[in-house]
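1. Coordinates for the following, if possible.
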Amino acid sequence: MSGSGTPILEVKGLRAATAGKTILKGVDLAVRPGEVHAVMGRNGSGKSTLSNVLMGHPAYAVEGGEALFEGQDLLAMDTTARARAGIFLAFQYPLAIPGVTVSTFLRAAYRATKGVDVKPSEFRRRLLGEFRELGIPEDFAGRYVNDGFSGGEKKRLEILQMLLLEPKLAILDETDSGLDIDALRVVSQGINRAIANGVSVLLITHYQRILDHVAPHVVHVFLDGRVVRTGGPELAREVEARGYEWVEAA
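-> Okay, the predicted model is just below:
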């Protein structure tokens with residue numbers, strides 16, 4: 001069900017640059033509690049830059065505009081504060097962390113974001129339960145984070161982390177990238193579980209296919225660092241059928 005009332009995330013005129021080049025050129029959007037927003041666009045249009053700026057990546061400099069999270073100045077928070085406030089980012093290209101096991105990493109992430117500890121036995125029970133839901137073998141708990149993982153395994157682990165951390169807002173940067181049909185179905189089921197639990201979602205993608213599994217309330221089309229078109233789910237289907245050149249020409 002679509003959210004109502006005060007937006008959980010409100011972005012106004014956001015401009016940002018990296019390596020001296022302006023990428024975001026005045027982004028405006030608002031996500032209300034419980035809503036799923038899809039952001040579509042070509043490579044290089046600024047979609048991933050938006051996700052990194054919202055999460056506070058130090059390689060990106062904000063040049064103007066504002067971003068509010070639950071009415072608070074998001075841009076004034078460091079990355080850790082943003083995570084503790086309830087924002088989660090699933091990376092387009094999750095990094096490997098050799099030497100750190102999945103179980104250790106996830107428990108540390110839980111402690112850091114929640115500010116509370118949990119008994120190892122209790123955490124392991126919950127972790128293995130999520131493993132079963134996402135079709136992840138139990139021996140993954142002892143493997144090093146993303147070290148030698150397939151693309152689908154990395155993305156499942158991202159969704160597992162989201163479900164464990166229970167954020168208020170999940171920013172999913174091309175989570176469908178590189179997934180086969182079966183992995184896409186499992187990952188989508190995990191995202192829909194989070195949505196059913198009240199998580200708002202900003203879903204960044206190139207393609208309609210994940211939106212066949214995760215239904216958006218609002219679709220934004222990104223071109224050249226701006227949102228140039230906003231509509232309902234039908235907009236994604238029209239972009240899929242007619243391409244981004246149609247948006248540019250409109």
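
2. Please count neighbours and contacts with C-alpha atoms only from this point.
-> Noted.

3. what about the protein, any weak spots by pLDDT?
-> Counting by pLDDT under 70, the chain shows low-confidence ranges at 1-4, 250.

4. helix or strand for residue 236, which one?
-> Assigned by DSSP states H and E, residue 236 falls within helix 233-242.

5. other SSEs contacting that helix?
-> On a contact count with 3 or more Cα pairs under 8 Å, 6 or more residues apart in numbering; DSSP states H and E, helix 233-242 meets strand 218-223.

6. Just want the angle from the strand it packs on to helix 233-242.
-> Counting by axes from the mean of the first three to the mean of the last three Cα atoms, to 10 degrees, strand 218-223 lies at 40 degrees to helix 233-242.

7. Strand 218-223 pairs with which strands, parallel or anti?
-> Sheet pairing here is set by DSSP bridges, and for strand 218-223 it gives strand 36-41 (parallel), strand 226-231 (antiparallel).

8. Check which residues of the last one are buried.
-> Along strand 226-231, the positions that meet the burial threshold by neighbour count (16 or more other Cα atoms under 10 Å) are 226, 227, 230.

9. and these as CSV, adding distance to residue 74?
-> Shown next, in CSV, are the buried residues of strand 226-231 (distance: Cα to Cα, whole Å):
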residue, distance to residue 74
226, 19
227, 20
230, 23
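
10. okay, now residue 43: neighbour count?
-> 13 (other Cα atoms under 10 Å).

11. for residue 237, same thing?
-> For residue 237, the neighbour count with other Cα under 10 Å is 16.

12. mind listing what the residue nearest to it when sequence neighbours are not counted touches?
-> Using Cα to Cα, 6 or more residues apart in numbering and skipping the chain neighbours, the partner closest in space to residue 237 is residue 208 (6.5 Å). By Cα atoms under 8 Å, 6 or more residues apart in numbering, residue 208 lies in contact with 236, 237, 240.

13. need the strands for this structure, in chain order.
-> Counting by DSSP state E, residue ranges of the strands within the chain are 9-18, 21-31, 36-41, 60-69, 72-73, 87-90, 97-101, 144-145, 169-173, 200-205, 218-223, 226-231.

14. Redo those strands as JSON lines? Include distance to residue 120.
-> Converted to JSON lines, the strands of the chain look like this (distance: least, Cα to Cα, whole Å):
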{"stretch": "strand 9-18", "distance to residue 120": "34"}
{"stretch": "strand 21-31", "distance to residue 120": "36"}
{"stretch": "strand 36-41", "distance to residue 120": "33"}
{"stretch": "strand 60-69", "distance to residue 120": "32"}
{"stretch": "strand 72-73", "distance to residue 120": "34"}
{"stretch": "strand 87-90", "distance to residue 120": "23"}
{"stretch": "strand 97-101", "distance to residue 120": "14"}
{"stretch": "strand 144-145", "distance to residue 120": "18"}
{"stretch": "strand 169-173", "distance to residue 120": "26"}
{"stretch": "strand 200-205", "distance to residue 120": "29"}
{"stretch": "strand 218-223", "distance to residue 120": "40"}
{"stretch": "strand 226-231", "distance to residue 120": "45"}
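
15. Next one: residue 196 from residue 36, what distance?
-> 11 Å (Cα to Cα, to the nearest Å).

16. Can you tell me which of the buried residues of strand 226-231 is nearest residue 79?
-> Taking Cα to Cα as the measure, residue 79 lies nearest residue 226 of these, at 23.5 Å.

17. and the closest one, how far is that from residue 208?
-> Note on residue 226: its distance to residue 208, by Cα to Cα, is 20 Å.

18. How about residue 236?
-> For residue 236, the distance to residue 208 - Cα to Cα - is 6 Å.

19. got it, and residue 63?
-> For residue 63, the distance to residue 208 - Cα to Cα - is 32 Å.

20. Surely residue 235 touches residue 219?
-> Yes - between residue 235 and residue 219 there is a contact under Cα atoms under 8 Å: 6.5 Å.
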